[in-house]
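>>> just coords:
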């Protein structure tokens, strides 16, 4: 009889010990907090710390890894998060190359993933693999159109392009090839450089020789300063536009006067206080700014942290729905969570309003971007 009671007690202890694990939701996070994209990944990591630790009565654990701006490391992290940590969803990675590299693993393991990178190629077309992938940043198509509309309105007729020699740089340029002529703008020069390069003198000499009315820099983070500085040194007087991957204070700090006067399309959160009262992003953007600055200081907000915040909002919306179907830690829960994210409709986020579908895993419209000008080391709504 005593043996029976001991066995029953042991079984009860084991059951109680396993209950919290069953109830817990695990969110894997792989970010570029070091390397060339570090200035993007750090505010993303800071924002993870602001996300709720309880959703729909379930505790939430965020397992945060650094992929060092390296696509191979992002894949290794994804393997670890899915096979060892058994996460229910993933947020990341920071860059387009990393996010694209992760696609096979997240599809193979059936893990819903919300990318924080820009390229539409991350989610388009929504096939069997990309059915598991979503994103919160505006697509390069949306931002290229914003640049072209703004440039055409200012009488620009020709453009030069210099961008990263990776998936981000190529995808951004591909959109200009598609749409520049529609806005009456002709591409007269196109150059590339690596994110870790220390000089772009040769490329900028070719650009300035073509005498474009504007130069577009298709790069992200502080490495985008390099061609801007070289253009200033060559005395270039045309307009300069940047990819939206530069909207953070480290870029402003490193760029200084060399980036002053430049334009970029970016998230409404960057100029939240200047948004019209009826702008759909204003309320959520101001809320995020207040929370982030309370934790990290006034003026510390970046678009990249806001993309992470919106990923959190998507999960907060979708998790209660998925819990009606299955429990965390199961493939059934991951599938239900994927379906719930895809079914998101009219969800206010810091970038606007998200309405996803089976063919649209972003869900933002043109209200989710603004054009800002860099003035005196800050952002000004243009």
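In hand now; what should we look at? Keep in mind it's a predicted model, so treat the numbers as computed, not measured. Residues are numbered from 1 along each chain as shown.

>>> list the buried ones in stretch 346-363?
Buried residues in stretch 346-363, defined by neighbour count with 16 or more other CB atoms under 10 Å: 347, 348, 349, 350, 351, 352, 353, 354, 356, 361, 362, 363. Quick note: C-beta positions are derived from backbone N, CA and C, even for glycine.

>>> ends of that stretch, what's the gap?
9 Å (CA to CA, to the nearest Å).

>>> what pLDDT, on average, does it get?
Stretch 346-363 shows a mean pLDDT of 96.

>>> what does it contact?
120, 123, 125-126, 130, 133-139, 267-269, 272, 280-281, 283-285, 287-288, 306-307, 309-310, 313-314, 317, 341-345, 364-365, 367-368 (CB atoms under 8 Å, 6 or more residues apart in numbering).

>>> quick one: low-confidence parts of this structure?
1-23 (pLDDT under 70).

>>> filter the contacts of stretch 346-363 to the buried ones?
Buried subset of those (neighbour count, 16+ other CB under 10 Å): 120, 123, 126, 130, 133-139, 267-269, 272, 280-281, 284-285, 288, 306-307, 309-310, 313-314, 317, 341-342, 344, 364, 368.

>>> can you flag which of the residues you listed belong to helices?
Using DSSP state H, the subset of those located in helices is 284, 285, 288, 306, 307, 309, 310, 313, 314, 317, 341, 342.

>>> including distance to residue 108, could these go into JSON lines?
Output for those, formatted as JSON lines (distance: CB to CB, whole Å):
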{"residue": "284", "distance to residue 108": "34"}
{"residue": "285", "distance to residue 108": "36"}
{"residue": "288", "distance to residue 108": "33"}
{"residue": "306", "distance to residue 108": "30"}
{"residue": "307", "distance to residue 108": "25"}
{"residue": "309", "distance to residue 108": "28"}
{"residue": "310", "distance to residue 108": "26"}
{"residue": "313", "distance to residue 108": "27"}
{"residue": "314", "distance to residue 108": "22"}
{"residue": "317", "distance to residue 108": "26"}
{"residue": "341", "distance to residue 108": "19"}
{"residue": "342", "distance to residue 108": "19"}
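
>>> closest to residue 180 among those residues?
residue 307 (26.4 Å; CB to CB).

>>> so where do the strands sit in the stretch 251-382 of the chain?
263-266, 347-349, 352-354, 370-375, 378-381 (DSSP state E, counting those that start in this stretch).

>>> try the stretch 101-250 of the chain
Going by DSSP E, counting those that start in this stretch, the stretch 101-250 of the chain shows strands at 113-115, 133-135, 158-164, 186-193, 214-218, 239-242.

>>> and of those, who's closest to residue 332?
strand 113-115 (17.5 Å).

>>> how far away from the center of its chain is that closest one?
9 Å (CA atoms, centre = their mean, to the nearest Å).

>>> what about the closest residue in space to residue 171 that isn't next to it in sequence, distance to residue 229?
Excluding the flanking residues, the one nearest residue 171 by CB to CB, 6 or more residues apart in numbering is residue 119, at 4.2 Å. Residue 119 sits 25 Å away from residue 229, going by CB to CB, to the nearest Å.

>>> more neighbours, the two?
In this view residue 119 and residue 229 are compared by other CB atoms under 10 Å, and residue 119 has more residues nearby, 25 against 17.

>>> and the more buried one, backbone torsions?
Main-chain dihedrals, residue 119, degrees, to the nearest 10: phi -60, psi 140.

>>> and residue 64, that one's in a strand?
Yes - assessed with DSSP: H, G, I helix; E, B strand; the rest coil, residue 64 lies in a strand.

>>> sorry, back to before: now tabulate the strands of the stretch 101-250 of the chain in TSV and tack on distance to residue 70.
Shown next, in TSV, are those (distance: least, CB to CB, whole Å):
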stretch	distance to residue 70
strand 113-115	16
strand 133-135	19
strand 158-164	14
strand 186-193	18
strand 214-218	20
strand 239-242	23
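
>>> pick the most buried one from the ones you listed.
Highest mean neighbour count among the strands of the stretch 101-250 of the chain (mean count of other CB atoms under 10 Å): strand 113-115, with a mean of 29.
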